[in-house]
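Student: give me the fold of what follows.
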Amino acid sequence: MATKASQRLRALALYKELHRLGREYDPRQYNFHGKLRKLYENNRNLTDDQDIEKALKFGEYIKNETLALYSLRKYRHLKRMYPSDSTSDP
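Tutor: Numbering: from 1, shown residues only. Down below sits the predicted model:
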């Protein structure tokens with residue numbers, strides 16, 4: 001099992017990374033930072049190692065999903081910028 005100090009460092013690093021990822025979201029449409037803060041505040045009193053690990057894994061899942069959404073958004077933007085023209089293909 002991980003020690004409390006290492007779990008705390010992982011949680012802080014994950015929070016910082018999610019906070020940086022959330023800069024791209026428009027706060028009027030989706031309050032990413034507010035929801036992130038609320039999740040961390042709700043979980044700050046966790047003491048059981050399994051509960052803490054479960055919360056950290058959920059945070060990693062959110063990070064991966066956010067990265068996937070950004071990749072999809074970039075792909076869609078590129079697809080709009082360079083539309084496939086079926087008449088120019090050989």
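
Student: which helix or which strand is home to the residue nearest the centre of the chain?
Tutor: Centrality entry for the chain: nearest residue to the mean C-alpha point is K63, 2.6 Å, by Cα atoms, centre = their mean. K63 belongs to helix 49-81 when elements are defined using DSSP states H and E.

Student: please apply the same query to E17.
Tutor: Per DSSP H and E: helix 4-21 holds E17.

Student: report the next helix or strand after that helix in sequence order.
Tutor: Using DSSP H and E, the first helix or strand after helix 4-21 is helix 32-42.

Student: so which bits of that next one are buried?
Tutor: 32, 36, 39-40 (16 or more other Cβ atoms under 10 Å). In this view, the C-beta of every residue, glycine as well, is placed from N, C-alpha and C.

Student: stretch 60-72 too?
Tutor: Neighbour-count burial for stretch 60-72 [16+ other Cβ under 10 Å]: 62, 66.

Student: where does the prediction get shaky in this protein?
Tutor: 1-2, 85-90 (pLDDT under 70).

Student: quick one: terminal-to-terminal distance for stretch 25-35?
Tutor: Distance between the boundary residues of stretch 25-35 (Cα to Cα, to the nearest Å) amounts to 12 Å.

Student: who's in contact with that stretch?
Tutor: Stretch 25-35 has contacts (Cβ atoms under 8 Å, 6 or more residues apart in numbering) with 19, 22.

Student: now do the same contact list for N43.
Tutor: Applying Cβ under 8 Å, 6+ apart, we find N43 in contact with 52, 55.
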